[in-house]
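K.L.:
make a model of this:
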Amino acid sequence: GGRSGPRPLFTFKVGKLTLQGSTLTPQSRKGELALHQSEDGLMHLTWRDLAASSAEDDLIIFPQEVALKRIEACKDAYAMVLSWTTSSRKLFFWSQELRKKGADLSKPEDVAAEDALVTKFNDVVDNPPAPGSGGGGIGGGVGGAGTGGTIGGLSQSNYNELMS
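P.N.:
Numbers count the residues shown, from 1 in each chain. The predicted structure follows:
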């Protein structure tokens, strides 16, 4: 099942967070955030429940329009906010990537994989491949069997800027 077409340019195993007042509550569903480029060159941001065959959210996004950032204040999960520069819209997610037992979210080395995925997401959004170039997928791919944590084409200055 699932959508046909090119492999995603990027995937990140995340669940959704629901904002109620000032509290973020995790939804238990296992999900995947992905970036796809359609044949017309438009970038699609999708989130799908891994138990479902089709995307629950499919949003067209443009370079410099959205940014994914870690919510540092959240100490019991690797929480993220996806915010739009063009509106007040925000979506919240929590990482479902595998991590070692006893990982300490306050230690940079224990969240390095997620930090790299956040950086890669922003890099793909802001620097999409030329339409028709294929792009070379990063992450899960068929059956979710990929590495998921590959960093490609990220300069040290970009990394430092995002980490500051």
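K.L.:
in the protein, which spans are helices?
P.N.:
Along the chain, counting by DSSP state H, helices occupy 112-126, 156-163.
K.L.:
list the buried ones in the first one?
P.N.:
Yep, that's helix 112-126 we're talking about. When burial is assessed from 16 or more other C-beta atoms under 10 Å, helix 112-126 yields the following buried residues: 113-125. Quick note: C-beta positions are derived from backbone N, CA and C, even for glycine.
K.L.:
okay if I get these as TSV plus pLDDT and distance to Ala79?
P.N.:
As requested, the buried residues of helix 112-126 are exported to TSV (pLDDT from 0 to 100; distance: C-beta to C-beta, whole Å):
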residue	pLDDT	distance to Ala79
Ala113	92	15
Glu114	95	10
Asp115	96	13
Ala116	95	17
Leu117	96	14
Val118	97	11
Thr119	97	16
Lys120	96	18
Phe121	97	15
Asn122	96	16
Asp123	96	21
Val124	95	21
Val125	95	19
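K.L.:
show me where pLDDT drops low in the protein?
P.N.:
Low-confidence segments of the chain (pLDDT under 70): 1-6, 132-164.
K.L.:
please, where are all the strands along it?
P.N.:
With DSSP state E as the definition, the chain shows strands at residue ranges 10-20, 23-26, 31-37, 43-49, 57-61, 66-70, 79-84, 90-95.
K.L.:
of those, which stretch is the most buried?
P.N.:
Highest mean neighbour count of the strands of the chain: strand 31-37, a mean of 23 (counted as mean count of other C-beta atoms under 10 Å).
K.L.:
name every strand pairing with it and say which way it goes.
P.N.:
According to DSSP bridges, strand 31-37 forms sheet pairs with strand 10-20 (antiparallel), strand 43-49 (antiparallel).
K.L.:
what's the distance between the longest one and the middle of its chain?
P.N.:
Put simply, strand 10-20 sits 8 Å off its chain's centre (C-alpha atoms, centre = their mean, to the nearest Å).
K.L.:
what angle separates it from strand 57-61?
P.N.:
110 degrees (axes from the mean of the first three to the mean of the last three C-alpha atoms, to 10 degrees).
K.L.:
then the last one?
P.N.:
Relative orientation of strand 43-49 versus strand 57-61 (the same axes, to 10 degrees): 160 degrees.
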